[in-house]
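*Asks:* Fold the following for me, if possible:
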Amino acid sequence: LEAIAAARALKRPLIGTNHWVITEFNNYSPVARELFAKLSLQYVIWYYNQCHFVTAPSRTVLTEMLEHGFYKPHQVLSNQIDLSVFKPLTEEKSRLKKEFNLAGLTVVYAGRLGPEKKIDVIIRALVLVKEYFPEIILAIAGHGSAEPALKNLVRELHLEANVKFYGTLDKVKLNRLYNAANIFTIASNSESQSMVLLQAMASSLPVIGVNWRALPEYINRHNGYTVPADNPKEMADKIIHLLRHEDERKTLGQGGLDYVQQFSAK
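*Replies:* Take a look at the predicted model:
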């Protein structure tokens, strides 16, 4: 609101950028969640209609805004990835795995541990993957309000030996974890782009994500697979497929690395 007032007082254009899929965060409201989602969306649309120009990191965000009354000039403008940090490493994968105490094949997720990130879907998929790959590990980097519930789910499903929580890692350490892993997965239904998805691609990891919001804008047949949202079995099937086909993992990893160059800071 200060920005709107300042722009008007100084007679200067106001440029806005929206990186928030507001309707997916209604679970954080302590009361009247549907009303909260509706009013929040109305407010966001009103706000960005006060701007002269608006950007968002994906078409999905702008499309939703347009469907609810947004009408100002707009354009997709991606976030940037620091490719000097997120990159394939020349170190042996076995050495990197040892650094993180990873015994064998590893699936990785990184990001905030919030309910809307649907990390429970990945954990439930791991139960099915474990039937074929008993030593499979899910490495989770990040922290958030859903962490206690996720750890309880791991105990309920008897996956204590298969799921490792690393907390929030700095960028260099996170890149090393990506390089230690074999597949990156994301089941979130709240992504306006997903920085961790692009970081994983930059580390030459094949990716599996849900066909929801912005994720299918960035996942294609050259870098990974999309699966239906909230479907642990479909995710498990794709994980199992890639674990069985090392050559395809390498091909998709290279495809992701090639694709992500367009998102470099330069």
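*Asks:* which stretches of the protein have low pLDDT?
*Replies:* Within the chain, the segments meeting pLDDT under 70 span 25-28.
*Asks:* Where do the helices of it begin and end?
*Replies:* Using DSSP state H, the helices of the chain run over 2-10, 33-48, 59-67, 93-99, 119-130, 147-156, 171-180, 195-202, 215-218, 232-244, 246-260.
*Asks:* Most tightly packed of these?
*Replies:* Highest mean neighbour count among those (mean count of other Cβ atoms under 10 Å): helix 195-202, with a mean of 25. From N, CA and C alone the C-beta is placed, and that goes for glycine too.
*Asks:* what's that one packed up against?
*Replies:* Applying 3 or more Cβ pairs under 8 Å, 6 or more residues apart in numbering; DSSP states H and E, one finds that helix 195-202 makes contact with strand 106-110, helix 171-180, strand 183-186, strand 207-210, helix 215-218, helix 246-260.
*Asks:* name the helices or strands packed onto the first one?
*Replies:* To tie it back to what came earlier, the one meant is strand 106-110. Taking 3+ Cβ pairs under 8 Å, 6+ apart as the contact cut, strand 106-110 packs with helix 119-130, strand 137-141, helix 171-180, strand 183-186, helix 195-202.
*Asks:* Can you name the residues in contact with that strand?
*Replies:* For strand 106-110, the surrounding residues in contact (Cβ atoms under 8 Å, 6 or more residues apart in numbering) are 97, 119, 122, 126, 129, 136-142, 169, 174, 177-178, 180-186, 196, 199-200, 205, 239.
*Asks:* Show me the residue sitting in the middle of this protein in space.
*Replies:* The centre of the chain sits closest to residue 194, judged by Cα atoms, centre = their mean, with a distance of 4.1 Å.
*Asks:* Please report how far it lies from residue 213.
*Replies:* The span separating residue 194 from residue 213 equals 9 Å under the rule Cβ to Cβ, to the nearest Å.
*Asks:* hmm, back to that, which stretch among the helices of the chain comes nearest residue 16?
*Replies:* For these, proximity to residue 16 was assessed by Cβ to Cβ; helix 33-48 is nearest, at 5.1 Å.
*Asks:* now for that closest one, which elements pack on it?
*Replies:* helix 59-67.
*Asks:* contacting residues around the helix it packs on?
*Replies:* For helix 59-67, contacts defined as Cβ under 8 Å, 6+ apart pick out 18-21, 23, 44-45, 48, 54, 56, 70, 74, 76, 192, 213-214, 217.
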